[in-house]
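*Asks:* Provided below are the primary sequence and the corresponding predicted coordinates.
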Amino acid sequence: MQRVDIHIWALADETKTAVEDGLADRRLAKTRPAFFAGGIPAAIQKYGSEASPGLLIVETIDPAEAIVTQLECLSELCQAETDLILLGPYNDVALYRELTRRGVHEYLPVPLDPRQLTEAVVGVCADTGAASQGRVISFIGASGGVGSSTVANNVAWQLGRIYDKEVTLVDLDFAFGTVGLDFNLESPQTSAQALAQAERLDGQMLERFLARYNSNLTLLTGPGDCQAPADIDSAALDPLVTTLRRSAAWVVLDLPHYWGGWVRHALDLSDEIVMTAVPTLASLRNAKSLAETLNAARKNDAPVRIVLNRLGSSAKTEIPLKDFTGTLGGKPAVTVPHDAVSFTRAASQGQTVAEGPKGERLAEPFRRLATMVSGRAEPTKRNGKSWAHLLRSSIAWSRPSAP
């Protein structure tokens with residue numbers, strides 16, 4: 001997201017509040033908003049003597065004919081690169097078409113929906129090519145040792161299998177990360193080394209850093225070194241994540257159970273957050289606190305997806321699912337049954353549980369979670385095969401035989 005100065009000209013207090021809510025979205029953290037009193041005439045007076053910003057958000061209550069005339073005057077004073085989002089009282093298709101024909105980026109009726117404003121501003125401020133960038137999904141544990149990395153590994157594998165697209169799994173737990181062990185594969189360069197070179201990292205260099213597990217899944221493993229610092233420069237995450245997003249449909253970040261500034265920044269960069277908990281009192285307390293904290297800052301995003309792992313591991317001592325759900329204030333996104341033998345075997349063989357003997361049953365929660373966080377509809381299937389597979393098969397059968 002680009003750094004953009006935004007000048008807001010709001011007439012009503014309700015409009016100002018709605019704009020503030022819309023600009024509080026995490027994706028707009030780099031924007032610099034400033035509020036001014038008045039509508040289009042006040043804006044005309046201001047920009048007659050000083051430069052206009054990158055984006056104007058202006059409210060008007062004038063008749064439609066006057067709006068068009070005022071905008072002509074305003075356009076003569078604004079810089080060519082200034083975009084305009086107009087807020088007005090009319091829900092009129094003809095007016096909307098006339099305004100967009102005259103170069104208005106978006107016209108939104110009042111009372112204003114903050115989410116509509118957010119999407120309009122994101123459309124102005126997004127970096128070139130942002131629409132084609134991959135989706136960032138972060139995984140974090142409510143407490144240590146709850147199996148967050150296992151969930152991340154299995155969901156990353158499922159995303160590639162379901163959608164037949166590129167997925168990159170990044171281990172950001174430098175000291176204790178297990179992605180390399182879990183897949184029995186180490187990347188040529190570690191995530192710590194990639195961060196150290198993030199500013200000059202490009203697609204070609206990144207390709208040399210990654211290890212390929214299968215045709216859809218690549219890994220950037222952690223150093224697994226207790227001498228690696230727990231704190232890193234948050235600023236280095238931005239270029240690394242941006243480069244990763246350009247090369248994969250999904251970037252899966254496996255985060256440590258650590259509440260430092262850079263972890264918070266990684267979560268702010270994420271389109272989806274998955275938190276893993278187990279049915280214990282400490283894990284429930286942390287999950288509730290963490291979800292409330294993160295959701296408060298993600299009003300325009302999907303809420304944190306909570307995975308309840310190892311359900312049934314100890315019927316006598318664990319918190320019942322009903323009580324866990326009641327305290328949490330909602331159902332977990334998925335529950336994962338306890339099966340220590342199958343999960344341990346999969347890890348020791350460098351596989352996901354879907355690739356093991358009980359694959360279909362154990363992998364079902366991860367498959368459902370993958371479709372939830374993908375941001376896409378699940379591909380249509382016929383006879384267990386995706387439309388893409390069927391299309392490729394039909395093309396192969398239609399090819400003429402070699403003479």
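*Replies:* In hand now; what should we look at? These figures come from a predicted structure and were not determined experimentally.

*Asks:* so which helix or strand takes in the spatially closest residue to His338 that is not a sequence neighbour?
*Replies:* In space, and not counting its chain neighbours, His338 is closest to Ser313: 3.9 Å by C-beta to C-beta, 6 or more residues apart in numbering. Yep, even glycine has a C-beta here, placed from its N, CA and C like the rest. Taking DSSP states H and E as the criterion, no element holds Ser313; it sits outside all helices and strands.

*Asks:* count the residues that sit near Ser313.
*Replies:* Using other C-beta atoms under 10 Å, Ser313 has 15 other residues around it.

*Asks:* same check, this time on Gly312
*Replies:* Applying other C-beta under 10 Å, we find 13 residues neighbouring Gly312.

*Asks:* Cys226 now?
*Replies:* By the criterion of other C-beta under 10 Å, Cys226 has 9 neighbours.

*Asks:* and the gap between the residue nearest to His338 and Ile319?
*Replies:* When C-beta to C-beta, to the nearest Å is applied, the distance between Ser313 and Ile319 equals 11 Å.

*Asks:* per-residue confidence at the most centrally placed residue in the chain?
*Replies:* Relative to the mean C-alpha position of the chain, the nearest C-alpha, by C-alpha atoms, centre = their mean, is the one of Asp271, at 1.1 Å. Note on Asp271: pLDDT of 93.

*Asks:* before we move on, what about Asp173?
*Replies:* 94.

*Asks:* just checking, it touches Ala266?
*Replies:* No. Asp173 is beyond contact range of Ala266, at 11.5 Å (criterion: C-beta atoms under 8 Å).

*Asks:* quick check: neighbours shared by these two?
*Replies:* Leu255 (C-beta atoms under 8 Å, 6 or more residues apart in numbering).

*Asks:* got the domain ranges for this structure?
*Replies:* Residue ranges of the domains in the chain are recorded as 5-125, 133-379, according to automatic domain parsing.

*Asks:* the bottom helix or strand of the protein by mean pLDDT?
*Replies:* For the chain, the helix or strand with the lowest mean confidence is helix 387-398, at a mean of 44 (criterion: mean pLDDT, DSSP states H and E).

*Asks:* so what's in contact with Ser313 and Ile319 at the same time?
*Replies:* The contact sets of Ser313 and Ile319 overlap at Pro279 (C-beta under 8 Å, 6+ apart).

*Asks:* what does the helix or strand containing Leu56 rub up against?
*Replies:* Assigned by DSSP H and E, Leu56 falls within strand 55-59. Defining contact as C-beta under 8 Å, 6+ apart, one finds that strand 55-59 is touched by 4-12, 15, 19, 31, 39-40, 43, 78, 82-88, 110, 117, 121, 124-125.

*Asks:* may I see the buried residues of it?
*Replies:* Leu55, Leu56, Ile57, Val58, Glu59 (16 or more other C-beta atoms under 10 Å).

*Asks:* beyond it, next helix or strand please.
*Replies:* Elements were assigned by DSSP H and E; along the chain past strand 55-59, the next helix or strand is helix 64-77.

*Asks:* can you tell me the closest non-neighbouring residue to Gly54?
*Replies:* Going by C-beta to C-beta, 6+ apart, Gly54 has Val4 as its nearest residue, at 4.1 Å.

*Asks:* swap that for Arg102, sorry
*Replies:* Leu71 (6.4 Å).

*Asks:* show me the contacts for that neighbour.
*Replies:* Listed by C-beta under 8 Å, 6+ apart, the contact partners of Leu71 are Ile40, Leu84, Leu86, Leu99, Arg102, Val104.

*Asks:* show me what the host helix or strand of the second one packs onto, helices and strands only.
*Replies:* Right, the one you point to is Leu84. Element membership for Leu84, per DSSP H and E: strand 83-88. Strand 83-88 makes packing contacts with strand 55-59, helix 64-77, strand 106-109, helix 114-125 when contacts are defined by 3 or more C-beta pairs under 8 Å, 6 or more residues apart in numbering; DSSP states H and E.

*Asks:* outside of it, which residues touch it?
*Replies:* Contacts of strand 83-88 from elsewhere in the structure, counted by C-beta under 8 Å, 6+ apart, are 10, 15, 54-61, 67, 71, 74, 78, 95, 99, 103-110, 112, 117, 120-121, 124.

*Asks:* now these: which count as buried?
*Replies:* When neighbours are counted using 16+ other C-beta under 10 Å, those contain these buried positions: 10, 15, 54-60, 67, 71, 74, 78, 95, 99, 104-108, 110, 112, 117, 120-121, 124.

*Asks:* would you map the strands across the stretch 201-350 of the chain?
*Replies:* For the stretch 201-350 of the chain, strands defined by DSSP state E, counting those that start in this stretch occupy the ranges 211-212, 217-220, 250-254, 272-277, 305-311, 334-337.

*Asks:* out of those strands, which gets nearest to Leu294?
*Replies:* Closest to Leu294 of the strands of the stretch 201-350 of the chain is strand 272-277 (C-beta to C-beta; 6.1 Å).

*Asks:* and that closest one, which strands flank it?
*Replies:* With DSSP bridges as the criterion, the sheet partners recorded for strand 272-277 are strand 135-141 (parallel), strand 305-311 (parallel).

*Asks:* what residue ranges in the stretch 51-200 of the chain are flagged as low confidence?
*Replies:* Applying pLDDT under 70 to the stretch 51-200 of the chain flags the ranges 127-132.

*Asks:* could you rerun that using 50?
*Replies:* Scanning the stretch 51-200 of the chain with the threshold set as pLDDT under 50 gives 128-131.

*Asks:* so for stretch 23-42, what's the average pLDDT?
*Replies:* 89.

*Asks:* let me see the contact set for Pro41.
*Replies:* Gln70.

*Asks:* let's see the helix or strand hosting it as PDB, backbone CA atoms only.
*Replies:* Take DSSP H and E as the rule and Pro41 turns out to sit in helix 40-47. What follows is helix 40-47 as a C-alpha-only set of coordinates in PDB (Å, rounded to 0.1, in the frame of the first residue of the first chain):
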ATOM      1  CA  ILE A  40     -16.600  21.600  -2.400                       C
ATOM      2  CA  PRO A  41     -16.600  25.400  -2.100                       C
ATOM      3  CA  ALA A  42     -14.300  25.300   0.900                       C
ATOM      4  CA  ALA A  43     -12.000  22.900  -0.900                       C
ATOM      5  CA  ILE A  44     -11.900  25.200  -4.000                       C
ATOM      6  CA  GLN A  45     -10.800  28.100  -1.800                       C
ATOM      7  CA  LYS A  46      -8.000  26.000  -0.100                       C
ATOM      8  CA  TYR A  47      -6.500  24.600  -3.300                       C
END
